[in-house]
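J.: Please find the sequence and the predicted model below.
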Amino acid sequence: MRHRPTHTAVVISQGHSDTSEATTSLPVHGLLLIVALAAAVVGQGAYYAAGQWLVTGVLVAALVAALRAQRWSRADLRLTVLAACAALAAWTVLRAALAGNGVDAGPTVAVLGGLGIVLLAGRRLTRPEREATTAAMVAIGALAALTGWVGVAWHVRPWAITDQGLWRAATTSPMPTRPPGCWRRWLLWPWPSWPPGLARPWPP
């Protein structure tokens with residue numbers, strides 16, 4: 001039996017009609033995905049250990065909430081990306097174990113696990129819920145970019161920091177040559193639209 005997702009009182013506007021305002025209520029796992037992204041951005045891309053643990057905890061909570069809203073199904077096993085993440089994680093653990101230091105596989109396994117959680121939680125959102133969650137994530141990204149730009153332009157700390165005499169944004173990634181870790185988990189976010197001809201990893 002499919003369980004209806006538990007919704008919260010938080011609503012996000014999806015536009016206006018002639019008579020009333022259309023809103024979408026997000027379930028708990030949708031809200032937790034947004035919280036995880038916001039926490040990662042504030043924590044400098046979840047690059048440091050404290051930010052990584054925080055984002056991991058929120059993502060695990062999102063997974064639990066998503067599986068409570070809709071149980072694990074065979075359709076989840078048919079996710080090619082999920083299977084690829086599991087295979088790559090297993091290969092990483094094996095390589096690290098053969099090298100005599102299995103702990104080194106931890107960060108890679110955590111990133112792959114985060115990608116899988118985002119996919120599984122996104123599959124358990126309806127299309128309007130995905131659209132609302134997408135809008136919130138885009139807003140977070142725009143705000144992070146804006147604060148970084150302001151920080152560099154006006155030398156505002158902690159939005160910008162100096163590195164070898166140069167000012168750079170500090171809102172998403174602490175390293176100028178490395179991509180922010182928080183965005184890697186959301187590269188596979190189930191966007192409402194999908195290129196025609198490609199198999200969808202989530203229901204339409």
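T.: Arrived safely.

J.: now the strands for this protein?
T.: Using DSSP state E, the strands of the chain run over 7-16, 21-27, 160-163, 166-169.

J.: weakest of the ones you listed by average pLDDT?
T.: Mean pLDDT per stretch puts strand 7-16 lowest among those, at a mean of 48.

J.: So, low pLDDT: which residues of the protein?
T.: 1-24, 171-204 (pLDDT under 70).

J.: same thing but at 50, please
T.: Across the chain, the ranges flagged by pLDDT under 50 are 1, 8-9, 11, 13-22, 174-185, 187-188, 191-192, 195, 198.

J.: how distant is the longest helix along the chain from the center of its chain?
T.: The longest helix of the chain (DSSP state H) is helix 127-154. Remark: helix 127-154 is offset 13 Å from the chain centroid, using CA atoms, centre = their mean, to the nearest Å.

J.: ok, and for that helix, which residues are buried?
T.: Neighbour counts using 16 or more other CB atoms under 10 Å place 128-137, 140, 144, 147-148, 151-152 of helix 127-154 among the buried residues. Bear in mind the C-beta positions are built from the backbone N, C-alpha and C, glycine included.

J.: Packing partners of it?
T.: strand 7-16, strand 21-27, helix 28-42, strand 160-163, strand 166-169 (3 or more CB pairs under 8 Å, 6 or more residues apart in numbering; DSSP states H and E).

J.: Before I go, just wanted to say thanks for your time.
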